[in-house]
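Colleague: Here is a sequence with its predicted model. Questions after.
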Amino acid sequence: MNATAKTYQKGEIPGVIAIKASSCKGCDACKRHCPTSAITGMFGATHSINVDLCLSCGQCLINCPFGAPYETSYTVDEVIAKLKDPNFTVVGIIAPAVRVAIGEDFGLPAGSLVTGKLYGSMKKAGFEILDNNFTADLTIMEEGTEFISRARHAVFGEKNERGGETGPLPQFTSCCPAWVRLVEIKYPALIPNLSSAKSPQQMAGTVAKTYGTKIWKKSAEKIYTVGIMPCTAKKLEASRPEFISAYEYNKKNEGASSKPYPDVDTVLTTRDLSRLLKKMKIDLAKEKEVEGGTLLADYTGAGTIFGNTGGVMEAAVRTAYAVITGEELQPLEFKKVRGLKGVKSASVTIKDSKYNKEVTLNLAVVHNISENIKPVVEEVLAGRSPYHFIEVMNCPGGCINGGGQPICGNGSSWLGAIRPWFAWT
Amino acid sequence: MENKKYQYIENPLHITRREFITISGIIVAFLALPAVWIKALTSANNNYIQARTKGLYQDDEKAAVRVSHANKSVTRYYKEFGGEPLGHLSEELLHTKYINRTKGLS
């Protein structure tokens, strides 16, 4: 472990992003995209990253005009070796945002939805499919139920049925690992406000190695889980040492004696997956469309919009509305939380069928945290936040523009800084 | 006195008023061009974000089931294995705790 890294636990990757000194021109374009000002170095001098502040979000990587930042964790060859090993079932956990971006690497236009082709090429490579959208639905069940219990506790004084403590409002979403790390290194007072639900990726790893053993009829040690993520921070998240709950569960119930295994063995970004497919000579654009196959690949429309900013909130509103009122939300589209505005807010008035009273819930959605998070967090810390539920995503636009996505090759990130000079643009 | 030849030159460049207007127009166009170019490039950055966003909303619209609680596989997971949301096993497998990491920072 990096001896100077102080904000990492033992076993974690100390900073997924590093800057290649020979490529860095010191142009400062990356600094505008860094949410924690972790990039040091004067204008014109080679930049470097302070790993203690770095969230591993990868925004500098996808916005650098010179391609200087790179990922320190690269496991494509390791995954290929596992795919070729007949003893292992390799489970690919496909995040929602991957299916609309990976086509770009194979010559398809931006935004092409290629779920079927992606399944097809991954199955050809030897993966079993666990769609992360399935666990996104699972996340909504857990996180939504948690929110309802927190809200009922705050409004009606409802006690937790199991005697545990109920967290405070507002509840923050916990799907984004960069946001979780920002809370941990900068706003630890907000830790109780974070939803205790794991991110969909970590839920997927746990489900694959517990419930999944029945579906693939393999022991948990022989299931190798690979997160296919639009995100570099997911690599760091998967390496957090506490995420071995499948191991602990299996040890308790079956007395397995093997050494501890992580819930998610390794993470590939969207770019990494394209490299893997190209190395295995699979052309995604020409593959046939295929179904997921197992029940763990079943997903709903609510699960798939997790990749957009506002998606988690919209999915949660659809389910919470139905659970609280007993009726479905009409219409299902909750458009107030869509779009690219920095902080979006909305409120819904819901009649709680359990208490027969009307409740108004104030919701907020924040993305691009380097620009937008500060006022929202300061309100919460000062105790005058009007919101009950806040979705936070690190990257502008949500996961679809994550640090692990194919890079939009025009290298124009530095132009954003001079654009205000031209009043008529 | 010698006869001095004197030629009065009114316009040494021979630019007519129309030509002057044309040339000014071209110069302004050249000055404005980078601005248009910058606008095109920076909006291209947003275009791919919007294209991908649209792709996911399409996936939502064409889905047969559009709410998480109606996902039959999720229901089956809870019935066969997980119990219920926030239940004992869910707390053990699907929930986590966070760490205060500020100690290392000054």
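Modeller: Perfect, I can see it now.

Colleague: From the centroid of chain B, which residue is nearest?
Modeller: Chain B has B:Asn46 as the residue nearest its centroid, 1.5 Å off, counting by CA atoms, centre = their mean.

Colleague: got the contact list for it?
Modeller: A:Leu340 (CB atoms under 8 Å, 6 or more residues apart in numbering or on different chains). No exception for glycine: its C-beta is placed from N, CA and C like everyone else's.

Colleague: which residue packs closest to A:Ser174, ignoring adjacent ones?
Modeller: Of all residues not flanking A:Ser174 in the chain, A:Ser195 sits nearest, at 4.5 Å (CB to CB, 6 or more residues apart in numbering or on different chains).

Colleague: pretty sure the one you found is touching A:Thr173, no?
Modeller: Yes: assessed by CB atoms under 8 Å, A:Ser195 is found in contact with A:Thr173 at 6.0 Å.

Colleague: intersection of neighbour lists for the two?
Modeller: With CB under 8 Å, 6+ apart, A:Ser195 and A:Thr173 have common neighbours A:Glu143.

Colleague: who touches residue 50 in this structure?
Modeller: No chain in the question, so chain A it is. A:Asn50 neighbours (CB under 8 Å, 6+ apart): A:38-40.

Colleague: I was thinking of chain B, sorry if that wasn't clear
Modeller: So B:Gln50 contacts A:111, A:340 (CB under 8 Å, 6+ apart).

Colleague: Can you read off the pLDDT for it?
Modeller: B:Gln50 is assigned 87 on the pLDDT scale.

Colleague: Strands of the stretch 201-350 of chain A, residue ranges please.
Modeller: Taking DSSP state E, counting those that start in this stretch, the strands of the stretch 201-350 of chain A run over residues A:223-229, A:266-269, A:343-352.

Colleague: Can the first one be said to contact chain B?
Modeller: No: shown here: strand A:223-229 not in contact with chain B (CB under 8 Å from any CB of the partner chain), separated by at least 14.0 Å.

Colleague: And for the second one?
Modeller: No: with CB under 8 Å from any CB as the measure, strand A:266-269 is seen stopping short of chain B, the closest distance being 14.9 Å.

Colleague: Show me the contact partners of that strand.
Modeller: Under CB under 8 Å, 6+ apart, the answer for strand A:266-269 is A:58, A:71, A:73, A:75-76, A:78-79, A:201, A:225-232, A:234-235, A:237-238, A:276, A:403-405.

Colleague: same thing with the last one?
Modeller: Residues outside strand A:343-352 that contact it (CB under 8 Å, 6+ apart) are A:152, A:156, A:310, A:317, A:320-321, A:324-325, A:334, A:336-338, A:357-366, A:372, A:375-376, A:387.

Colleague: Helices - which of those land there?
Modeller: Judged by DSSP state H, the contacts of strand A:343-352 include A:152, A:156, A:317, A:320-321, A:324-325, A:372, A:375-376 as members of helices.

Colleague: Against chain B, which of those make the cut? List them.
Modeller: Of these, not one also sits near chain B (CB under 8 Å from any CB).

Colleague: how deep is A:Ile19 tucked in, by neighbour count?
Modeller: 21 (other CB atoms under 10 Å in any protein chain shown).

Colleague: go on, A:Cys34?
Modeller: Around A:Cys34 there are 20 residues (other CB under 10 Å).

Colleague: Pass me the low-pLDDT residue ranges in the stretch 51-200 of chain A, would you?
Modeller: The stretch 51-200 of chain A contains residues with pLDDT under 70 at A:161-164.

Colleague: What residue in it comes nearest to chain B?
Modeller: A:Gly111 (2.9 Å; CB to the nearest CB).

Colleague: tell me the secondary structure for the residue lying closest to that residue once chain neighbours are set aside?
Modeller: With sequence-adjacent residues excluded and distances taken as CB to CB, 6+ apart, A:Gly111 is closest to B:Ala51, at 2.9 Å. Following DSSP: H, G, I helix; E, B strand; the rest coil, B:Ala51 is assigned to helix.

Colleague: Pull out the buried positions in the helix or strand hosting B:Thr75.
Modeller: Using DSSP states H and E, B:Thr75 maps to helix B:72-77. Residues B:73-74, B:77 are the ones in helix B:72-77 that count as buried (16 or more other CB atoms under 10 Å in any protein chain shown).

Colleague: just so I have it, where are all the helices in the stretch 101-250 of chain A?
Modeller: Under the criterion DSSP state H, counting those that start in this stretch, the stretch 101-250 of chain A contains helices at A:115-125, A:132-156, A:177-186, A:200-209, A:212-216, A:233-238, A:245-254.

Colleague: Tell me which of those approaches A:Thr166 most closely.
Modeller: helix A:132-156 (4.1 Å; CB to CB).

Colleague: Can you lay out the ones in helices among the contacts of strand A:343-352 as TSV showing neighbour count?
Modeller: As requested, these are exported to TSV (neighbours: other CB atoms under 10 Å in any protein chain shown):
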residue	neighbour count
A:Arg152	19
A:Phe156	13
A:Val317	25
A:Ala320	25
A:Tyr321	21
A:Ile324	21
A:Thr325	14
A:Asn372	19
A:Pro375	11
A:Val376	22
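
Colleague: Lowest pLDDT pick from those?
Modeller: Minimum pLDDT for the ones in helices among the contacts of strand A:343-352 is recorded at A:Phe156 (83).

Colleague: and it, how far is that from A:Leu169?
Modeller: Noted for A:Phe156: a distance of 13 Å to A:Leu169, by CB to CB, to the nearest Å.

Colleague: Please give me every residue in contact with the residue most central in space within chain A.
Modeller: For chain A, the residue nearest the mean C-alpha position is A:Cys176 (4.3 Å; CA atoms, centre = their mean). Going by CB under 8 Å, 6+ apart, A:Cys176 touches A:199, A:233, A:392-394, A:399.

Colleague: Equivalent analysis for A:Ser174, please.
Modeller: A:143, A:180, A:194-199 are the contacts of A:Ser174 under CB under 8 Å, 6+ apart.

Colleague: List only buried entries from the residues you listed.
Modeller: A:143, A:180, A:194-199.

Colleague: Could you dump those residues into TSV and include distance to B:Val28?
Modeller: TSV is the format used below for the buried ones among the contacts of A:Ser174 (distance: CB to CB, whole Å):
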residue	distance to B:Val28
A:Glu143	56
A:Val180	52
A:Leu194	55
A:Ser195	56
A:Ser196	61
A:Ala197	58
A:Lys198	58
A:Ser199	53
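
Colleague: if we can go back for a sec, next, format the ones in helices among the contacts of strand A:343-352 as a markdown table and append distance to B:Asn100.
Modeller: What follows is those, written out as a markdown table (distance: CB to CB, whole Å):
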| residue | distance to B:Asn100 |
| --- | --- |
| A:Arg152 | 28 |
| A:Phe156 | 31 |
| A:Val317 | 31 |
| A:Ala320 | 29 |
| A:Tyr321 | 34 |
| A:Ile324 | 33 |
| A:Thr325 | 38 |
| A:Asn372 | 24 |
| A:Pro375 | 23 |
| A:Val376 | 20 |
